[in-house]
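Asker: structure for the following, please:
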Amino acid sequence: MKATQLTWADAPAGTKSYAITTYDPDAPTGSGWWHWISFNIPAKVSSLSRGADMKSLGAIELKSDYGSTGFGGACPPKGDGMHRYQFTVWALPVEKLDLNASVSAAIVGYTLNSMAIGKAKLTATYNR
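Answerer: Predicted structure coming up:
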């Protein structure tokens with residue numbers, strides 16, 4: 001059994017699915033850095049193991065700013081100082097978002113902010 005890497009509990013009433021985003025607002029891009037975006041995670045799921053197969057859950061993952069799906073780990077430029085990595089679990093009132101894997105992170109963010117019935121954020125920090 002793999003060690004659980006991300007767990008959440010106490011979803012708001014009416015939660016039918018989840019989305020998870022991981023964002024670094026401190027990346028020296030002028031617009032931050034998206035490390036992971038996944039949505040359409042079934043409401044029965046309350047934890048994800050490292051390297052979880054999101055497709056097997058029926059979830060959709062967008063390409064991160066690394067250009068690949070899945071969580072892109074912390075990698076701030078050397079000497080750039082402390083970066084914040086914001087892991088957010090979004091509780092949603094629908095089973096599926098009417099979005100596909102080619103949509104932009106901005107559209108997913110707008111959609112999540114406009115309809116979430118709850119969210120929880122964990123901020124981790126890292127520098128090198």
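Asker: and the helix or strand hosting residue 120, what does it pack onto?
Answerer: Per DSSP states H and E, residue 120 falls inside strand 118-126. Under the contact criterion of 3 or more CB pairs under 8 Å, 6 or more residues apart in numbering; DSSP states H and E, strand 118-126 touches strand 83-92. The way it works is simple: take the backbone N, C-alpha and C, and place the C-beta from them, glycine included.
Asker: report the inter-axis angle for the strand it packs on versus strand 118-126.
Answerer: Angle between the axes of strand 83-92 and strand 118-126 is 160 degrees (criterion: axes from the mean of the first three to the mean of the last three CA atoms, to 10 degrees).
Asker: the helix or strand just after strand 83-92: how far from the chain's middle?
Answerer: Using DSSP H and E, the next helix or strand after strand 83-92 towards the C-terminus is helix 105-115. Relative to the chain's own centre, helix 105-115 is displaced by 12 Å; criterion: CA atoms, centre = their mean, to the nearest Å.
Asker: in helix 105-115, which residues are buried?
Answerer: 105, 108-109, 111-112 (16 or more other CB atoms under 10 Å).
Asker: for those residues, which one is nearest residue 55?
Answerer: Closest approach to residue 55 among the buried residues of helix 105-115 (CB to CB): residue 108, at 17.2 Å.
Asker: about what we covered before: dump the buried residues of helix 105-115 into CSV; add distance to residue 57 as well.
Answerer: What follows is the buried residues of helix 105-115, written out as CSV (distance: CB to CB, whole Å):
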residue, distance to residue 57
105, 20
108, 17
109, 21
111, 19
112, 18
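Asker: quick check, nearest of those residues to residue 92?
Answerer: residue 112 (7.5 Å).
Asker: the most centrally placed residue in the chain: which element?
Answerer: What sits nearest the mean C-alpha location of the chain, by CA atoms, centre = their mean, is residue 21, with 1.8 Å. Residue 21 is located in strand 17-24, with elements delineated by DSSP H and E.
Asker: what bridges to the residue nearest to the centre of the chain?
Answerer: residue 37, residue 88 (DSSP bridges).
Asker: so who does it touch?
Answerer: When contacts are counted by CB atoms under 8 Å, 6 or more residues apart in numbering, residue 21 is found next to 34, 36-38, 86-88, 90, 108-109, 112.
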